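> Sequence plus predicted model, see below.
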Amino acid sequence: MRKTVPLVAAALAATALFTTPITPLAAQQAAKQAEKQAEKQAPARATKPAAKRAAKDAAKGAAKPAAKPDTTRFPRADTLRGSNTAERAWWDVTFYDLHVKVNPADSSISGWNGITYRVVGTAREMQIDLQVPLEVDSMVQDGQALRYRRDGNAFFATLPAPQPVGQSKTVTVYYHGRPRVATRAPWDGGFVWAHDSAGHSWIATACEGLGASVWWPNKDLQREEPDSQRVAITVPDSLINVSNGRLRSTTRNPDSTTTYEWFVQNPINNYDVAVNAARYEHISDSYQGEEGPLTLDYWPLAYNLARAQTQFAQVKPMLACFEHWFGPYPWYRDGYKLVEAPHLGMEHQSAVAYGNHYENGYLGRDLSGTGWGLKWDFIIVHESAHEWFGNSVTAEDPADMWIHESFANYSENLYTECQNGKAAGAAYVMGTRKLIRNDKPIVGHFNVNDEGSGDMYYKGGNMLHTIRQVVNDDEKWRGILRGISKTFRHQVVSGKRLESYISQQAGMDLSKVFEEYLTTTLVPTLEYRIRGTTLSYRWSHVVPGFAMPVKVTLADSTMSFIHPTEKWQTAKLDLKSPSSFRVDENFYVISHDMDGAATSR
């Protein structure tokens, strides 16, 4: 653990914010203290080598505003939230210094965030996001209060000081209010003000999709990640707060509160930053992984300690499976944590929120209907998979959230395979097909914070399972998955870039396969006729140019590849009976006997 700066000075500076109104003079004085502390903190921050920084800039399109979004179907608020506006594009976040006091007595929060950034383009106004009903008290840079205006959930600050390209600067934002309450977390995001079964306060945040600006000021753009972050959360003395990264200090304050300072040494998605405050117990363990010892820390509610000791034993086999398929766990420096939460669960980086009631399956149910999903804890497996896909490899726009959810869904298949064999894994993923809706495309609209269909889970997982069959080489497929984790480690990436990488590594053009499954509601349909020993076949309900190979029974008990296109082709059959003709069910397609009926997918 790197050298840390004591939190006492910041806590004292913040105390005034929590107890008195913010005046311009007080803001300037507090800001000076915050900026001095940020300067002291800077040498301890995680930094990236030049190559990694260049990759980050390339992926984000540094200093380039987003393409013009579709304003006919999406309001201005979605554009401000989801696009790289001119007021965002000129600066690149490098560090967040977040300090928040949580007040369960009146469901309010107050605090400040020091936003350190690097100037990468011509400075304009600076967009900082904070959602209503939260209020900004002041913004300060270099000891000077800034002028700002509000446009819904976005604030635009005027920076009078020069902003030379390449320079690092800090803006400190002070704020307070009662944040939006999550009514159905984690799907409906915000703050969760709950109580455990003993009546004690149990507090959490969950804000994927809605955005981290629902509870703290930041540059709320998915492609934007700081290189590191401090998360200092103050809660009543009776509670313990668990956030991301590693605990650096615990400070008892005179007002019967305690400040827990956590530090993340790696890039982190804004929505992954989390508050988890409750009467927790702590279980400490370690795992010998591909990059050495990995610390494991579990934080169950005190009365669930024994249940956690039993259920969380699934973590080590999960890590072994995913390191085998995906490569090293991405956050050895920050560790792995499971934290009991008053909602189902979320992939909060290095602090996975757990609310599956210590049951196997998804709240005790098998989503596949095969029985295999009851062999393991859904939240431990699915949410932990996001540490690779979602947290380390991050979609630069929510429209490409399949990068997160399709791979996490597919991880359930792989974990079942690790535990029970390849046939069990295949049965599990195929069993989830009944949950596919094909209601709208998986890929959403870009630059307006729009996610596509929920089919990104089950259809996306089946797409990846299908591509594995097309690759037809399990070691090559494993190499592709591990290569994704290595090539795009700790980076944001577009869907198209990831698709190109997979095609390149597979040695075949899979672009039409991705287009079919991700951008349409179509399911490839293999139309065929059998006349004697001749099979005629073609693809229908496909995008132009779709030519995915598929396995069928050209001979009894033997699966062979055919290469259909949209045009009719023929092949010779060696079957005792035409009724024994089959399409390999591992492919997510429909087969349609033109002289009979469609078969199940």
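Arrived safely, thanks for sending. Since this is a predicted model, take the numbers as computed values, not measurements.
> pretty sure Trp299 is touching His282, no?
Yes: under the criterion of Cβ atoms under 8 Å, Trp299 is in contact with His282, at a separation of 6.0 Å. C-beta here means a position set from N, CA and C on the backbone, and glycine is covered the same way.
> Comparing the two, which shows the higher neighbour count?
When Trp299 and His282 are compared for neighbours, Trp299 comes out ahead with 21 against 13, by other Cβ atoms under 10 Å.
> For Lys440, see how far away that one is.
In this structure, Trp299 and Lys440 are 38 Å apart, going by Cβ to Cβ, to the nearest Å.
> cool, and Asp377?
Asp377 is 31 Å from Lys440, where distance means Cβ to Cβ.
> do the same with His490
When distance is defined by Cβ to Cβ, His490 is 31 Å away from Lys440.
> between the two, which one's more packed in?
Set His490 next to Lys440 and count neighbours by other Cβ under 10 Å: His490 wins out with 20 against 13.
> Just give the nearest non-adjacent residue to the more buried one, would you?
Setting aside the residues directly before and after it, His490 is nearest to Pro267 in space (Cβ to Cβ, 6 or more residues apart in numbering), at 5.0 Å.
> For that neighbour, the count of nearby residues, please.
Residue crowding around Pro267 was assessed by other Cβ under 10 Å; the count is 26.
> again with Lys512
Other residues within reach of Lys512, judged by other Cβ under 10 Å, total 16.
> now do Tyr501
Neighbours of Tyr501 under the rule other Cβ under 10 Å: 16.
> Double-check Phe587 against Thr466; I have them as touching.
Yes: counting by Cβ under 8 Å, a contact exists between Phe587 and Thr466, whose distance comes to 5.1 Å.
> just the helices in the stretch 301-450 of the chain please.
Using DSSP state H, counting those that start in this stretch, the helices assigned to the stretch 301-450 of the chain run over residues 305-311, 315-326, 378-385, 402-420, 422-431.
> In TSV, list the ones you listed along with mean neighbour count.
Formatted as TSV, those follow (neighbours: other Cβ atoms under 10 Å):
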stretch	mean neighbour count
helix 305-311	15
helix 315-326	19
helix 378-385	24
helix 402-420	24
helix 422-431	20
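> hey, where'd the helices end up in the stretch 501-601 of the chain?
511-519.
> Trp299: what's it in contact with?
If you count contacts by Cβ atoms under 8 Å, 6 or more residues apart in numbering, Trp299 has them with 240, 242, 276, 280-283, 337-340.
> Relative to Trp215, which of these is nearest.
Of all the contacts of Trp299, Trp215 sits closest to Asn276, with 13.0 Å by Cβ to Cβ.
> Need the CA coordinates for stretch 499-517. PDB is fine.
Output of stretch 499-517 as PDB, limited to C-alpha atoms (Å, rounded to 0.1, in the frame of the first residue of the first chain):
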ATOM      1  CA  GLU A 499     -15.800  -7.000 -33.000                       C
ATOM      2  CA  SER A 500     -12.900  -6.300 -35.300                       C
ATOM      3  CA  TYR A 501     -10.500  -7.700 -32.700                       C
ATOM      4  CA  ILE A 502     -12.500 -10.900 -32.400                       C
ATOM      5  CA  SER A 503     -12.700 -11.300 -36.200                       C
ATOM      6  CA  GLN A 504      -8.900 -10.700 -36.500                       C
ATOM      7  CA  GLN A 505      -8.000 -13.200 -33.800                       C
ATOM      8  CA  ALA A 506     -10.500 -15.800 -35.100                       C
ATOM      9  CA  GLY A 507      -9.100 -15.500 -38.600                       C
ATOM     10  CA  MET A 508     -12.500 -15.000 -40.100                       C
ATOM     11  CA  ASP A 509     -14.800 -12.000 -40.800                       C
ATOM     12  CA  LEU A 510     -17.500 -12.100 -38.200                       C
ATOM     13  CA  SER A 511     -18.900  -8.700 -38.900                       C
ATOM     14  CA  LYS A 512     -22.200  -9.900 -40.300                       C
ATOM     15  CA  VAL A 513     -22.600 -12.300 -37.400                       C
ATOM     16  CA  PHE A 514     -22.300  -9.400 -35.000                       C
ATOM     17  CA  GLU A 515     -24.600  -7.200 -37.200                       C
ATOM     18  CA  GLU A 516     -27.300  -9.900 -37.200                       C
ATOM     19  CA  TYR A 517     -27.400 -10.600 -33.500                       C
END
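> separation between the residue nearest the centre of the chain and Val492?
Using Cα atoms, centre = their mean, the residue of the chain that lies closest to the mean C-alpha position is Gly390, 3.3 Å off. According to Cβ to Cβ, Gly390 and Val492 sit 11 Å apart.
> and if you look at Asn462?
Taking Cβ to Cβ as the criterion, Asn462 is separated from Val492 by 25 Å.
> And what about Leu296, helix, strand or coil?
strand (DSSP: H, G, I helix; E, B strand; the rest coil).
> Find the nearest non-adjacent residue to it, please.
Ranked by Cβ to Cβ, 6+ apart and with sequence neighbours excluded, the top spatial neighbour of Leu296 is Asp285, at 4.1 Å.
> For the one you found, give me its contacts.
Applying Cβ under 8 Å, 6+ apart, one finds that Asp285 lies in contact with 295-298.
> 10 Å instead, please
Contact analysis of Asp285 by Cβ atoms under 10 Å, 6 or more residues apart in numbering lists 294-298, 309, 312-313, 315-316, 336.
> Can you tell me which of those residues are buried?
Among these, the ones that count as buried by 16 or more other Cβ atoms under 10 Å are 294-298, 312, 315-316, 336.
> re the thing from before, identify the contacts common to Gly390 and Val492.
Counting by Cβ under 10 Å, 6+ apart, the shared contacts of Gly390 and Val492 are 269, 403.
> Please report how far Met401 lies from Ile442.
If you go by Cβ to Cβ, the gap between Met401 and Ile442 works out to 8 Å.
> domain ranges for this structure?
Residue ranges for the structural domains of the chain, counted by automatic domain parsing, are given in the record as 8-279, 284-519, 525-593.
> a markdown table for those domains, including mean pLDDT?
Below are the domains of the chain laid out as a markdown table (pLDDT from 0 to 100):
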| stretch | mean pLDDT |
| --- | --- |
| domain 8-279 | 84 |
| domain 284-519 | 98 |
| domain 525-593 | 97 |
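> My guess is Val242 contacts Leu301. True?
No: counting by Cβ atoms under 10 Å, Val242 sits too far from Leu301 to count as a contact (11.6 Å).
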